[in-house]
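# Have a look at this fold, sequence not included:
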């Protein structure tokens, strides 16, 4: 399933179960999620120092997830579904929607360059969180306490959270409005 389909399905299920909802963009809540992401990075490091590799994976993933949640909250989305959260990042901040959003700025060259530079979350970051999600599920629900790639997942978590922080610092009210309206249009499409 592609990111847009995941989002549409999450919107369609939101009233009955876990899913994706439109909320008022909330900078305060966004900041809280970002603080939780930073906390999870610290916990991740502490768990690594204690040799708890399986829980390092879990803390790394949740650092990324909280950072992603911070960005969703900033643009007015509330997700209760991990796959939908990642799909929103991919669809709203990846290359696919980038061109649509940039066109809404009516060709203002300077603004276009800023958006291209800041808001695009490169595919590698999306891969980081998908891989961490899968690794977290294996580590958390499996029986092994060993995880061979803790250094890699820790580095990816730190890099991911840093990228989201950069996007959050640079996103402005106009872009929030455009993304929020785009989400509303998607939701309307899911209701049809």
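Okay, I see it. Keep in mind it's a predicted model, so treat the numbers as computed, not measured.
# Now do the contacts for the residue most central in space within the chain.
Among the residues of the chain, the one closest to the centroid is residue 68, at 2.7 Å (C-alpha atoms, centre = their mean). Contact analysis of residue 68 by C-beta atoms under 8 Å, 6 or more residues apart in numbering lists 85-86, 88-89, 129, 164. Just so you know, the C-beta spots here come from the backbone N, C-alpha and C atoms, and that holds for glycine as well.
# can you pull out the strands in the protein?
20-22, 77-79 (DSSP state E).
# What residues sit buried inside the last one?
Neighbour-count burial for strand 77-79, counted by 16 or more other C-beta atoms under 10 Å, picks out 77-79.
# JSON lines for the contacts of residue 68, including neighbour count?
Converted to JSON lines, the contacts of residue 68 look like this (neighbours: other C-beta atoms under 10 Å):
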{"residue": "85", "neighbour count": "25"}
{"residue": "86", "neighbour count": "22"}
{"residue": "88", "neighbour count": "27"}
{"residue": "89", "neighbour count": "22"}
{"residue": "129", "neighbour count": "26"}
{"residue": "164", "neighbour count": "27"}
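# Of those, which is the nearest to residue 41?
residue 164 (11.8 Å; C-beta to C-beta).
# these two touch, right, the closest one and residue 73?
No: counting by C-beta atoms under 8 Å, residue 164 does not reach residue 73; the two are 11.5 Å apart.
# still on that earlier bit, same list (the strands of the chain) but as JSON lines, adding distance to residue 187.
Converted to JSON lines, these look like this (distance: least, C-beta to C-beta, whole Å):
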{"stretch": "strand 20-22", "distance to residue 187": "6"}
{"stretch": "strand 77-79", "distance to residue 187": "10"}
